[in-house]
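J.: here is a sequence with its predicted model. Questions after.
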Amino acid sequence: MRGRSQFIGSAGQYYLAYCLTVRGFHAAITLGNVPNVDIVVASPDGSRLLAVQVKTSRWAYRPNRYGYEMREWDVGASAVGRSAEGLWYAFIDLQEADDQRSPIVYFVPSVWVSNMVKHDWSRKMYMLRSVLWPDCEERWDRISAYLDNESKTIAWCQTVPGQAQWPPDDASALS
């Protein structure tokens, strides 16, 4: 089907907005009116905002890519070198290959993405290794903590763990 990726992207945005709303967050889909931001999340009093770029895959799981278990998403050239504490990615795996599973949302700080994705890559992909899934998978608590200006979450937004870098710290596995 022509234009299918547009529908997949829209499905991810609406799914994330739904998930945020049922958890009591104020979430506004930008409908393309804000470059590189798909959803704006606000604290209950509106004093703090989080910008979210949504990337959706029909099936992101890769059991053995470059010697690692991971999930991967196309992020586009705008991800290269673009990061801010208040800009996160919501990577959504729709898991369409298994109709018994629900979508999974992974929250990743933009500094992780901008650090990994290189300008000379022909295809700009973000690869989230399985070792990092517990830090990111369905971590709705991180949104509350960020909007509450919690210091541990602010530090998480600003720091790139070794496992989130590419090539990874244990790059000997790539040889």
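T.: Yep, that arrived. Numbers count the residues shown, from 1 in each chain.

J.: what is the longest strand seen in the chain packed up against?
T.: Looking across the chain with DSSP state E, the single longest strand is strand 49-57. The contact analysis (3 or more CB pairs under 8 Å, 6 or more residues apart in numbering; DSSP states H and E) places strand 49-57 against helix 4-22, strand 39-42, strand 68-74, strand 87-93, helix 140-147. C-betas here are computed from N, CA, C, even on glycine.

J.: which strands and helices sit next to the shortest one?
T.: Under the contact criterion of 3+ CB pairs under 8 Å, 6+ apart, strand 39-42 touches helix 4-22, strand 26-29, strand 49-57, helix 140-147.

J.: what's it in contact with?
T.: Applying CB atoms under 8 Å, 6 or more residues apart in numbering, the external contacts of strand 39-42 come out as 13, 16-17, 20, 25-30, 34, 48-52, 54, 90, 143, 147.

J.: parallel or antiparallel, list what pairs with that strand.
T.: Strands adjacent to strand 39-42 in the sheet, as given by DSSP bridges, are strand 26-29 (antiparallel), strand 49-57 (antiparallel).

J.: could I get the CA-only coordinates of it as PDB?
T.: The C-alpha trace of strand 39-42 is given here as PDB (Å, rounded to 0.1, in the frame of the first residue of the first chain):
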ATOM      1  CA  ILE A  39       3.600  15.400  21.100                       C
ATOM      2  CA  VAL A  40       3.900  18.000  23.800                       C
ATOM      3  CA  VAL A  41       3.400  16.800  27.300                       C
ATOM      4  CA  ALA A  42       2.600  19.300  30.100                       C
END
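
J.: cool, thanks, talk later.
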